[in-house]
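Q: I'll drop the sequence and a predicted model, then ask my questions.
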Amino acid sequence: MKITKHNKQYTNNIQIPMHNGKNVSLFIRSLYIVCNLLLVFCILGFNDFTYALSINIDPSNIKLVMKPGEVKTGEILVQNLGGTKLKIMAYTQDWIYAPDGSKTFMKPGSSVYSCSSWIKLDPINFILAPKEDKKVKYTITSPSNASGGHVSVIFFEAVMDAYQGIAVSGRLGSIVYLDTEGDIKRAGEIKNLSVLASEEGDPVILNFSFINSGNSYISAKPVIKVLDGGKVVVEKQAMNINSLPGDTKSTIVTIKEPLKEGKYKAQVELTFDNKTLKSQSDFTIRKSARK
C-alpha cells in the first residue's frame with residue numbers, strides 16, 4: 001500500500017497471508033487490507049472511511065499441470081468492495097521463498113523457475129466502479145522444451161483516485177504453480193537434526209534442515225514426536241515447510257511439554273506427495289537441580 005499526501009509518502013507493503021496454498025476467505029483478506037489502511041488513515045487524520053480501498057481476487061492461487069507446448073486458459077475474478085472507483089493494472093512477477101518462509105517478489109525473468117513470460121493477461125488495465133467486479137482472462141503457453149516445475153504471481157494493483165490530496169494504492173496476487181506433465185520429481189532430505197535439552201521441566205528445542213533436491217516446489221508437513229522407549233509421549237504438528245528446488249529450509253521447534261529425567265528419542269517426519277521422510281536423534285533429560 002502506498003499513500004501520498006502533500007508530497008510525503010507513507011509506504012506499507014501489504015502481504016496477504018496464505019494458508020498452505022488454500023484460498024483465504026473473502027472476509028479475512030478484505031479485512032486485512034482495510035485494517036492496514038485505517039491504521040495509516042488515523043496517522044493522517046483521514047476519517048472518511050467511505051473511500052477505503054478494498055479489493056478481492058479469486059482464486060488466490062492457480063495450480064496447473066501442463067504438457068510441453070500446451071496452452072491453457074482461465075479467469076480471475078477481481079472485485080472492488082469499496083466505495084470509490086479504482087484503476088486496476090494487471091501484471092506478472094517472479095518470486096522466491098525468503099529464509100523466513102515469506103515470498104520475495106522480483107521482476108519477470110529473475111528466477112530460473114519463472115513462468116511469468118508464459119502468461120498473457122486480458123485486460124491488463126481497466127476501471128472498476130464501486131461494488132463492481134470483472135473477470136480477467138489468463139492464457140498460459142508452456143514452451144515445447146518445458147521441464148520441471150515453475151512459478152509466478154499475477155498481481156492486480158489498484159489505485160484509488162486522489163481524495164483530499166491523498167492517493168492510495170495496494171495490490172493482491174494470485175500465485176501460480178505450474179508442473180510439467182511427466183517430468184516432475186519431488187524429493188528431499190532431512191539434514192542436521194539436533195536436540196537441545198537440559199533439565200526436567202525445561203523446554204526441548206529441535207533444529208533441523210530440509211533440502212529440496214527435486215525439480216519442483218514442495219510443501220512439506222512436519223510432525224515432531226518424542227518417544228520414551230517405543231511409546232510416543234509428545235506429538236505436535238509444525239508449520240508447513242515450503243521450498244523451491246535447491247532451497248535449504250531450517251526449522252526450529254520448541255517442545256514445551258515437561259519431560260521427566262531419562263533418555264528419549266526425537267523423531268521428525270516430513271510428508272509431501274504421499275512420501276514421508278524420517279530422521280531421529282537421541283537426547284537425555286537430566287534431573288532438575290532446582291530445589
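A: Cool, got the structure. Numbers count the residues shown, from 1 in each chain.
Q: burial count for I57?
A: 23 (other Cβ atoms under 10 Å). Every residue, glycine included, has its C-beta placed from N, CA and C.
Q: Could you give the bridge partners of it?
A: Beta bridges link I57 to V78, judged by DSSP bridges.
Q: And it, what's its pLDDT?
A: Here, the pLDDT recorded for I57 equals 97.
Q: Could you verify my assumption that it touches E157?
A: No - between I57 and E157 no contact is recorded; they are 11.2 Å apart, counting by Cβ atoms under 8 Å.
Q: Number of residues surrounding the nearest residue to S213 once chain neighbours are set aside?
A: Closest residue to S213 apart from its sequence neighbours, by Cβ to Cβ, 6 or more residues apart in numbering: A187 at 5.0 Å. When neighbours are defined as other Cβ under 10 Å, A187 has 16 of them.
Q: L77 now?
A: 13.
Q: Not including adjacent chain positions, what is the nearest residue to it?
A: Once flanking residues are discounted, L77 sits nearest to D58: 4.6 Å by Cβ to Cβ, 6+ apart.
Q: Let me know the helix or strand that D179 is in.
A: Here D179, judged by DSSP states H and E, is contained in strand 166-180.
Q: Would you mark the buried spots in that strand?
A: Within strand 166-180, the residues that count as buried by 16 or more other Cβ atoms under 10 Å are 166, 168-180.
Q: what sits up against the helix or strand harbouring K263?
A: Element membership for K263 (DSSP H and E) is strand 262-272. If you take Cβ atoms under 8 Å, 6 or more residues apart in numbering as the criterion, strand 262-272 is touched by 186, 188, 190, 193, 195, 197, 204, 206, 208, 210, 218-228, 233, 241, 276-285.
Q: Going by neighbour count, which of those are buried?
A: Buried members of the contacts of strand 262-272, counted by 16+ other Cβ under 10 Å: 186, 188, 190, 193, 195, 197, 204, 206, 208, 210, 218, 220, 222, 224-227, 241, 277, 279, 281, 283, 285.
Q: Mark which of these are part of helices, please.
A: For the buried ones among the contacts of strand 262-272, membership in helices holds for none, with DSSP state H as the criterion.
Q: what sits against K236?
A: By Cβ under 8 Å, 6+ apart, the residues touching K236 are V223, I224, V253, I255.
Q: switch to 6 Å and redo it
A: Each residue near K236 by Cβ atoms under 6 Å, 6 or more residues apart in numbering is listed here: I224.
Q: Ends of stretch 57-64, what's the gap?
A: Stretch 57-64 has an end-to-end distance of 18 Å (Cα to Cα, to the nearest Å).
Q: Tell me the bridge partners for the closest residue to W95 other than its chain neighbours.
A: In space, and not counting its chain neighbours, W95 is closest to K103: 4.6 Å by Cβ to Cβ, 6+ apart. With DSSP bridges applied, K103 shows beta-bridge pairing to Y97.
Q: Count the neighbours of K103 for me.
A: K103, neighbours per other Cβ under 10 Å, totals 18.
Q: go on, the one 5 residues further on?
A: Neighbourhood size, P108 [other Cβ under 10 Å]: 17.
Q: Can you tell me how far it is from F155?
A: To F155, P108 is 11 Å away according to Cβ to Cβ, to the nearest Å.
Q: picking that back up, just checking, the residue nearest to S213 touches G214?
A: Yes - A187 is within contact range of G214, at 4.1 Å (criterion: Cβ atoms under 6 Å).
Q: follow-up on the earlier one: please tell me the pLDDT value assigned to the residue nearest to S213.
A: For A187, pLDDT reads 97.
Q: before we move on, what about S117?
A: With respect to pLDDT, S117 scores 97.
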